[in-house]
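Asker: my questions are about this predicted structure, shown below with the sequence.
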Amino acid sequence: MARYRGPKTKIARKFGEAIFGDDKSFEKRNYPPGQHGNTRRRGKKSEYAIQLAEKQKAKYTYGILERQFSNLFKKASASKGITGEVLLQLCESRLDNVVYRLGIAPSRSAARQLVSHRHITVNGELVNIPSFSLKAGDEVAVREKSKSLEVVDASIANRQDSYEWMTFNSETKSGRYVSVPERTQIPENISEHLIVELYSK
């Protein structure tokens, strides 16, 4: 399965945000990467550069490659509603993202690994496709045989965030994707209108 395997802190520094979650290295050096780091003067970015950077940030945040992201945009464009908002909703409905949001995994990459290693079920059925799109009402759970995994226990124990559009039961290690989130409920700092403008060119 193709995915980004490069240095994450460097990417986070590029965007000036810890987009992959808590990162001590980023906190120490939260300036752009490169030989001159925070001393180099950068010229004013073009409109295209700003739009491209926003798309790249969204891709890295959700762990989606270019072709997948392009397909999601096409799907969002064909749907009713505001294209940018629908695009983020499609990203949020991915199984790996929901596993991460529920607190079953500490990061999206860890959630992707749990899914692909067959530790997660959807409505009682084993699903090992991280990009699997959930519908409102779907139940996501840790497979019975995998409930003793240390990484799952540790992640649930450290679970801090809860979201209005999903519920979670730490006893059964299962949760429900109750509804599609509104844009105001999605915490990611992404200017989706810039992505729409980029693809509309």
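Answerer: Yes, it's here.
Asker: next SSE downstream of the helix or strand of the chain with the lowest mean pLDDT?
Answerer: None of the helices or strands of the chain scores lower by mean pLDDT, DSSP states H and E than helix 24-28, at a mean of 50. The helix or strand immediately downstream of helix 24-28 is helix 47-62, counting by DSSP states H and E.
Asker: immediately after that next one, which helix or strand?
Answerer: In N-to-C order, the element after helix 47-62 by DSSP H and E is helix 66-78.
Asker: got a list of what the closest residue to Glu92 other than its chain neighbours touches?
Answerer: Distances taken as Cβ to Cβ, 6 or more residues apart in numbering put Pro181 closest to Glu92, at 5.6 Å, once the chain neighbours are dropped. Heads up, the C-betas are built off the backbone N, CA and C, glycines and all. Pro181 makes contact with 89, 92, 163-165 under the criterion Cβ atoms under 8 Å, 6 or more residues apart in numbering.
Asker: repeat that for 7 Å
Answerer: 89, 92, 165 (Cβ atoms under 7 Å, 6 or more residues apart in numbering).
Asker: low-confidence regions, this protein specifically.
Answerer: Where the chain drops to pLDDT under 70, the residues are 1-43.
Asker: so which residues of it form helices?
Answerer: 8-15, 24-28, 47-62, 66-78, 83-92, 95-102, 108-116, 150-157, 192-199 (DSSP state H).
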